[in-house]
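S.K.: Okay, predicted coordinates and the sequence, questions at the end:
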Amino acid sequence: MVTRPEDATAGVFNPWLNVVSLIERAGRLLQLDDGMIKRIVTPERILEVAVPVRMDSGNVEMFTGWRIHHDTSRGPGKGGIRFHPTVNADEIAALSADMSIKCAVVNIPYGGAKGGVRVDPTLLSRGELERLTRRYAFDIASMIGPDRDIPAPDINTDTQVMSWVMDTISMLRGQSLPGIVTGKPLAIGGTMGHAGATSLGVTICTEGVMKKLGRPLHNQRAIIQGYGKVGAPLVKMLTDRGIIVVGIADVQGAISVPGGIDPEALAKHFAEAGTVVGYPGADDVPSSQFFTIPSDIAIPAALGGSITDVVAASLAATVVVEAANGPTTGEAAAILQERGVIVVPDVLANAGGVVASYFEWAQDLQGFMWERELFQQRLEKTMRLAFDYVWNRSEQLKVNVREAAIAVGVERIAEATELRGLFP
Ligand code: GLU
């Protein structure tokens with residue numbers, strides 16, 4: 001069950017209630033009627049499952065998992081699966097709504113969904129992780145399918161986890177179903193270019209916003225919070241475009257390198273040390289002070305909620321590009337707006353991943369794999385078009401980029417909902 005506005009705890013940021021208020025605000029801006037706004041906001045289906053796993057010790061442990069379909073008016077549900085110890089129904093519901101908006105913003109034929117299991121996967125052996133994944137996939141099997149809902153990787157889930165999901169459902173249905181999940185390895189129907197696609201989309205949005213602001217990329221300073229699937233490839237992509245990456249944070253700490261980080265040297269250091277901390281020549285920075293590092297562009301690429309009101313008040317950059325999902329709290333967003341900081345929101349900035357997933361799924365359904373060049377070209381084009389469309393809409397509607405992106409998503413969902421009518 002997701003939290004209703006009347007049950008909210010005052011002063012505690014709730015990602016679900018935050019997205020509800022953003023969608024409602026967009027609906028009012030677009031002058032949609034209340035019934036339509038309610039239909040768009042309310043999740044279609046919420047499944048909570050108990051996931052029993054036999055641990056290596058022989059004991060059975062119970063985990064809780066969810067799969068939520070937020071809106072499927074534009075197509076099957078789409079969205080990742082995350083494994084994290086703080087996952088809960090509100091977070092998954094918020095992320096599923098973000099997926100509805102995101103898929104509509106980049107105009108791909110999907111609705112929004114999300115799933116997750118409340119677990120710390122770093123404490124599991126590989127065998128335990130496989131058993132957890134397969135049992136969870138089985139538990140949500142009734143919700144997913146190539147034309148129903150297509151999961152993908154998210155925090156702490158990767159190509160191997162996707163392979164186990166694909167195999168479990170394929171075994172269950174007695175047929176090979178590559179189109180049931182995206183973000184798979186190449187050998188079982190994955191696509192070239194999926195890894196790094198989110199980072200490429202973030203890079204295109206960074207280029208886009210700096211161009212609109214009339215600021216050449218060369219020598220702009222960026223900081224990136226997170227050195228994982230999205231953050232790590234970003235260091236190189238930004239550096240290749242002349243941006244100087246002057247700060248990086250990961251779970252173990254944060255570093256500042258005013259002269260700029262060398263992407264290869266950092267990758268080598270990380271491979272040996274398992275953290276960005278200790279990178280030769282870097283100054284350590286307390287994690288709480290990370291966003292105060294003097295910079296022009298700040299890129300949160302880690303967990304949600306990292307840009308709080310306190311962080312927003314002292315953030316040094318004038319541009320934020322949200323590579324993570326939900327990194328900025330509602331209060332923080334208001335402070336950034338007041339301070340004149342331009343924010344490219346998650347539903348636009350990190351959509352490269354789901355666009356790549358769409359291309360993978362399309363190839364799987366067609367049984368015809370594309371060349372890398374075609375993939376790359378289409379990804380870049382889709383992201384540029386979406387960025388320009390949202391930017392123009394923000395000028396027309398006289399709202400910030402986040403509000404414009406949500407409005408674009410909501411108006412496209414409303415159009416589909418209206419066209420399909422109300423059953424029965
Ligand atoms: N987890 C990614 C996201 O939040 C990708 C989702 C997908 O490809 O379905 O956008």
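M.R.: Yep, that arrived. Numbers count the residues shown, from 1 in each chain.
S.K.: Skip the chain neighbours and tell me the closest residue to Gly127.
M.R.: Once flanking residues are discounted, Gly127 sits nearest to Asp56: 6.3 Å by Cβ to Cβ, 6 or more residues apart in numbering. Any C-beta I mention is one placed from the backbone N, CA and C, and that applies to glycine too.
S.K.: same deal with His269?
M.R.: Tyr279 is the one closest to His269 (Cβ to Cβ, 6+ apart), at 5.0 Å.
S.K.: Can I take it that that neighbour is in a strand?
M.R.: No. Counting by DSSP: H, G, I helix; E, B strand; the rest coil, Tyr279 is not found in a strand; it is coil.
S.K.: need the contact list for it.
M.R.: Ile248, Ile255, Val257, Ile261, Ala265, Leu266, His269 (Cβ atoms under 8 Å, 6 or more residues apart in numbering).
S.K.: count of neighbours near the nearest residue in space to Gly281 that is not next to it in sequence?
M.R.: Leaving aside its sequence neighbours, Gly281 sits nearest to Val257 (Cβ to Cβ, 6+ apart; 6.5 Å). Using other Cβ atoms under 10 Å, Val257 has 21 other residues around it.
S.K.: how about stretch 107-127: buried residues?
M.R.: Applying a neighbour-count criterion of 16 or more other Cβ atoms under 10 Å, one finds 108, 110-119, 121, 124 buried in stretch 107-127.
S.K.: Look up phi and psi at Arg45.
M.R.: Here is the backbone geometry of Arg45 (degrees, to the nearest 10): phi -150, psi 130.
S.K.: Tell me what it is bridged to.
M.R.: Beta-bridge partners for Arg45, by DSSP bridges, are His69.
S.K.: Test my guess that it contacts Trp66.
M.R.: No. Arg45 is not in contact with Trp66 according to Cβ atoms under 8 Å; the separation is 10.7 Å.
S.K.: And the two? Which one has more around it.
M.R.: Trp66 (26 against 15).
S.K.: and the strand or helix carrying the more buried one, does that touch the ligand?
M.R.: Element membership of Trp66, judged by DSSP states H and E, is strand 60-71. No. Applying Cβ under 6 Å from any ligand atom, one finds strand 60-71 separated from the ligand by no less than 12.5 Å.
S.K.: quick one, what contacts the closest residue to the ligand within the stretch 151-300 of the chain?
M.R.: Using Cβ to the nearest ligand atom, the closest approach of the stretch 151-300 of the chain to the ligand is made by Ala152 at 3.2 Å. Applying Cβ under 8 Å, 6+ apart, we find Ala152 in contact with Lys78, Gly79, Gly80, Ile81, Met162, Val181, Thr182, Gly183, Gly353, Val354, Ser357.
S.K.: who does it bridge with?
M.R.: Residues in beta-bridge contact with Ala152 (DSSP bridges): Gly80.
S.K.: Gly201 - that's part of a strand, no?
M.R.: No. Checked against three-state DSSP, Gly201 lies outside a strand; its state is helix.
S.K.: mean confidence for stretch 179-189?
M.R.: On average, the pLDDT along stretch 179-189 is 98.
S.K.: List the buried residues for it?
M.R.: Gly179, Ile180, Val181, Thr182, Gly183, Lys184, Ile188, Gly189.
S.K.: Quick one: name the residues of the stretch 301-424 of the chain near the ligand.
M.R.: Asn325, Asn350, Gly353, Val354, Ser357.
S.K.: Now name the helix or strand holding the most centrally placed residue in the chain.
M.R.: Taking Cα atoms, centre = their mean as the criterion, Asn325 is the residue nearest the geometric centre of the chain, at 4.2 Å. For Asn325, there is no enclosing helix or strand under DSSP H and E.
S.K.: same check, this time on Val390
M.R.: In this structure, Val390 sits in helix 372-397 according to DSSP H and E.
S.K.: hang on, Glu24 in a helix?
M.R.: Yes. Under the criterion used here (three-state DSSP), Glu24 sits inside a helix.
S.K.: Quickly list what Val285 is bridged to.
M.R.: Val285 has these beta-bridge partners by DSSP bridges: Ala254.
S.K.: Now for it: which residues touch it?
M.R.: Gly247, Ala249, Gly253, Ala254, Ile255, Ser256, Ile293.
S.K.: ok, the second one - contacts?
M.R.: Remark: with contacts taken as Cβ under 8 Å, 6+ apart, Ala249 is in contact with Ile223, Ile224, Gln225, Gly226, Tyr227, Ile255, Val276, Val285, Ser287, Phe290, Ala302.
S.K.: Let's see the pLDDT reported for the closest residue to the last one other than its chain neighbours.
M.R.: Using Cβ to Cβ, 6+ apart and skipping residues adjacent in sequence, the residue nearest Ala302 is Gly226, 3.5 Å away. Gly226 carries a pLDDT value of 98.
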